[in-house]
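> can't give you the sequence, but here's the structure:
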């Protein structure tokens, strides 16, 4: 078994700061330009991103505009998009590998949407959404044509309205950031200061400890906090995007209103603000079905419905209940395989058989699938608990299963890289008291 945290240590000398995770194409490719806390890029990192971008670049070349290449060639490029990150064995920071893996997952899905929609191009000749329109592909109807220009209503919007909206969106982003700073200071400090459970350094995984009835409350507490912290890093990404785009629109509206396509920028930001939140108060969930169907990762929900739920449900014809259950399980299975793919890219294909890592994500999501089906409103025999008790039971289920999701990342050492650059560390000296296994010092 590789020494715990070795990947982080090998990369330590080549970085000047930590980086922020992203989930769309722009942040994946240009986050070091956007953030002032950029790191020095090594040759290995450049080669990693260049090599993993080759299938994307070729797909873009053949489809923008569509040059009429065969469907088979586009499918080959889609497969290469998924395979290329797996060939990576460079000793780069784990977050770099995570970024190229996330890019491969999202872009390959978008390529699949494009290949499907290419055959259903509208008769009026309007161009279908380009494959790299990541958020559009995962949120909107994929058959919806892309307008060649901004709607007439948006074209006629006056500058005062744009300035008012840009001020409001900028203020909103600033308020969100003011809430995130103390939260990330606390929880990132927990990852920096607190020691991991001792079993992380052994060959005994969470499943083995569960079978042996040796899972401790301290371990559950640590895994739950780490899982919450990692998801805070996901939640802050749209806030950062809102902040940067709102500043951009505000600056243009105030200083160069006559020389820029303000209406188009305003429309794009308005659509982004109108998208459902990634997390919609998950702590209010009264059962697992409500958590996953309404309150968790809603940005990607339509995409999963298109890829897995709807095709699987259609296989069951008129048996809608069984089809819905099978479709639900297929969505969670796909999500688990996607997460395990990202873990495998970070782990390296040569280390695929390390204990406590590969396969844990899929097991976690299959358990969530079972719980989601069982707590579905379609089961009328499920007892109805008071809201407070129901929320407590839901939280207990997530805490109990969280180690399956978190442990692979702990063994990889990803939590050692999970830090928002530039955020304060003022609470670090005082966090030993909340560490279940003591501090690192």
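Thanks, I have the structure now. Everything quoted here is computed from the prediction, not taken from an experiment.
> C-alpha only now, for contacts and for neighbours.
OK.
> just the helices in the stretch 51-200 of the chain please.
Assigned by DSSP state H, counting those that start in this stretch, the stretch 51-200 of the chain shows helices spanning 71-83, 94-118, 134-139, 152-155, 159-193.
> contacts for stretch 172-187?
The set of residues external to stretch 172-187 that reach it, using Cα atoms under 8 Å, 6 or more residues apart in numbering, is 225, 229, 232, 236, 239-240, 242-243, 246, 420, 423-428.
> so among the residues you listed, where is pLDDT lowest?
Lowest pLDDT among these: residue 420, with 87.
> assign that one to helix, strand or coil.
coil (DSSP: H, G, I helix; E, B strand; the rest coil).
> distance of it relative to residue 184?
8 Å (Cα to Cα, to the nearest Å).
> returning to what we had before: just send the helices of the stretch 51-200 of the chain back as TSV, with mean pLDDT too.
Formatted as TSV, the helices of the stretch 51-200 of the chain follow (pLDDT from 0 to 100):
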stretch	mean pLDDT
helix 71-83	93
helix 94-118	86
helix 134-139	50
helix 152-155	45
helix 159-193	94
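> most tightly packed of the ones you listed?
helix 94-118 (a mean of 22; mean count of other Cα atoms under 10 Å).
> got the angle for it vs helix 71-83?
Between helix 94-118 and helix 71-83, the angle comes out at 160 degrees (axes from the mean of the first three to the mean of the last three Cα atoms, to 10 degrees).
> chain center to helix 94-118: distance?
When distances are taken as Cα atoms, centre = their mean, to the nearest Å, helix 94-118 is centred 12 Å away from the chain's centroid.
> top of the contacts of stretch 172-187 by neighbour count?
In terms of neighbours by other Cα atoms under 10 Å, these top out with residue 246 at 25 neighbours.
> OK, contacts around it?
So, once contact is read as Cα under 8 Å, 6+ apart, residue 246 ends up touching 166, 167, 169, 170, 173, 269.
> check residue 266 too.
162, 166, 249.
> for the last one, give its distance to residue 258.
Distance, residue 249 to residue 258, by Cα to Cα: 13 Å.
> which one's more surrounded, the two?
Counted by other Cα under 10 Å, residue 249 and residue 258 do not tie: residue 249 has more neighbours, with 24 against 10.
> so that one is in which element?
Assigned by DSSP states H and E, residue 249 falls within helix 217-255.
> same deal with residue 354?
Counting by DSSP H and E, residue 354 is found in no helix or strand.
> model confidence score at it, please.
86.
> just the one 4 residues further on next, same as before
Model confidence at residue 358, expressed as pLDDT, equals 90.
> cross-check the contact I'm expecting between it and residue 343.
Yes. Using Cα atoms under 8 Å, residue 358 makes contact with residue 343 at a distance of 7.0 Å.
> with neighbour numbers in mind, choose between those two.
residue 343 (24 against 21).
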